[in-house]
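Asker: Okay, predicted coordinates and the sequence, questions at the end:
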Amino acid sequence: MLELSPVFQLLKRMELQLRDWACGTGLLNRELPDRDQSFIDVLDAQWECEGELIPLDPSVLNSRELLVYRHGLFLVHTLHDLKLTPSISLQIAASLPNNSYLNNAFRNSFFFQEEEETLFVRRQRLKSVGGFSLLLLHCLSHIRFNDMSSDSSPVFQRLFFKVLQGCLGELYQARLTSSGQEHSWSVLQDQETPSEVLKRSLSDSHAASLLCRSQTPSRGLLSEDEVGELQRKHRDQSAHPS
């Protein structure tokens, strides 16, 4: 009966007018109730979970998709070897079931099957190796956190940054290895003496033996006694020609 009273209706109209006035002057944001909504990836916002999990066999992927998928397997295994993330299986899916990952930035791109410890990622993500890699690191951090829906949790964020740090460290090591010793020399020569760089970079047994030989006088140079002996023989041969 209170809602039907004239006084209540008058107060309600006054509240609406005051709210419109506050919004018009900028004192109140009309979208204020939505401020708590979490960030969602730009690509992820274009999709919706289809409601059914349909795994894909890797044999149906094209060559580029297969390379990106194998790179994902490498990341999963590497991060597990570093003891940063748990051991899981990675599969690609044509469609995904509905989930409760409301505050996850990639909520429409993956599904984690806890019983089987299997992470399913939608096929469209294979178009970008960078985006696919970031999605995997994000998901693996959530799996380690044992909560797939809270991107704002300090515990999750700490795990995520730790996984990122480990992945970037491995990327540096791979880059350093592939670039070879010449690249290492060019980067470090301004910080160390040439002998220090050489001793540190030539670490295998063959390289060590080369270094040892380079620091040992060559037998190709004759001693003073040997030179004197040769000169004496030469004088004898000149004095008694055959």
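Answerer: On my side now, so go ahead. Note that this is a predicted model, so its numbers are computed, not measured.
Asker: Relative to Met148, how far out is the closest residue to Asp41 other than its chain neighbours?
Answerer: Nearest-residue entry for Asp41: Ala105, 5.0 Å, with adjacent residues in sequence omitted and distances by Cβ to Cβ, 6 or more residues apart in numbering. For the C-beta atoms, the positions are set from N, CA and C on the backbone; glycine is no exception. Ala105 sits 11 Å away from Met148, going by Cβ to Cβ, to the nearest Å.
Asker: Please say which of these two ends up with more neighbours.
Answerer: Met148 (22 against 18; other Cβ atoms under 10 Å).
Asker: ok, that one touching Phe112?
Answerer: Yes - in this structure Met148 lies within contact range of Phe112 using Cβ atoms under 8 Å: 5.9 Å.
Asker: between the two, what contacts are shared?
Answerer: Taking Cβ atoms under 8 Å, 6 or more residues apart in numbering as the criterion, Met148 and Phe112 both touch Cys139, His142.
Asker: Okay, helices next: where are they in this protein?
Answerer: For the chain, helices defined by DSSP state H occupy the ranges 6-25, 63-81, 129-145, 154-188, 194-201, 205-214, 224-239.
Asker: now do the same end-to-end measure for stretch 91-104.
Answerer: Stretch 91-104 has an end-to-end distance of 19 Å (criterion: Cα to Cα, to the nearest Å).
Asker: May I see the buried residues of that stretch?
Answerer: Gln91, Ile92, Ala93, Ser95, Leu96, Tyr101, Asn103, Asn104 (16 or more other Cβ atoms under 10 Å).
Asker: Including pLDDT, could those go into JSON lines?
Answerer: What follows is the buried residues of stretch 91-104, written out as JSON lines (pLDDT from 0 to 100):
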{"residue": "Gln91", "pLDDT": "97"}
{"residue": "Ile92", "pLDDT": "98"}
{"residue": "Ala93", "pLDDT": "97"}
{"residue": "Ser95", "pLDDT": "96"}
{"residue": "Leu96", "pLDDT": "96"}
{"residue": "Tyr101", "pLDDT": "91"}
{"residue": "Asn103", "pLDDT": "89"}
{"residue": "Asn104", "pLDDT": "93"}
